[in-house]
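>>> coords please:
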Amino acid sequence: MLMPLSAAETGGYLLPIIYAIATGLPVILVAWILAYSVAGLGKFYNRMQIFEKWFRKKVAILFIAVGIY
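Sure thing, here's the model as predicted:
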C-alpha cells in the first residue's frame, strides 16, 4: 500500500524513507535501553557479590557470638 501511495503523491519518494526511519527508531531505542540496562545489571551483580561476602562474615560472627552466649 505504501508504494502506490508514494507513486501518487508529489514528493512521495520520501515516504518509504520516512517509514523506514519511523519503524526502525523504536527498535533501536529499545535495543539501546536493553543494552545499557544489562550492563548496569552486571555492575549491580558484582556489587551484590561484594556485599554478600561482607555480610556473610558479619552474620557468621553474630551466630558464633550468640552460640557462645
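>>> Quick one: low-confidence residue ranges for this structure.
1-2, 5 (pLDDT under 70).
>>> Check it for its longest helix and report it.
helix 14-68 (DSSP state H).
>>> Report the central residue of this protein.
Leu34 (2.3 Å; CA atoms, centre = their mean).
>>> measure it to Ile28 for me?
Applying CB to CB, to the nearest Å, the value for Leu34 to Ile28 is 11 Å. Just so you know, the C-beta spots here come from the backbone N, C-alpha and C atoms, and that holds for glycine as well.
>>> repeat for Ile50
Distance from Ile50 to Ile28, by CB to CB: 34 Å.
>>> got it, and Lys43?
According to CB to CB, Lys43 and Ile28 sit 23 Å apart.
>>> Name the SS class of Thr10, please.
Put simply, Thr10 is coil when judged by DSSP: H, G, I helix; E, B strand; the rest coil.
>>> Share the number of residues neighbouring it, please.
Counted by other CB atoms under 10 Å, the residues lying close to Thr10 total 5.
>>> what are the phi and psi angles of it?
phi -80, psi 130 (degrees, to the nearest 10).
>>> repeat for Gly12
Here is the backbone geometry of Gly12 (degrees, to the nearest 10): phi -70, psi -20.
>>> just checking, it touches Met3?
No: taking contacts as CB atoms under 8 Å, Gly12 lies outside contact range of Met3: 9.0 Å.
>>> For these two, work out which one has more neighbours and name it.
Between Gly12 and Met3, counted using other CB under 10 Å, the more crowded position is Gly12 (14 against 10).
>>> follow-up on the earlier one: mind giving me the packing neighbours of the longest helix of the chain?
Contact analysis of helix 14-68 by 3 or more CB pairs under 8 Å, 6 or more residues apart in numbering; DSSP states H and E lists helix 2-8 as its packing neighbours.
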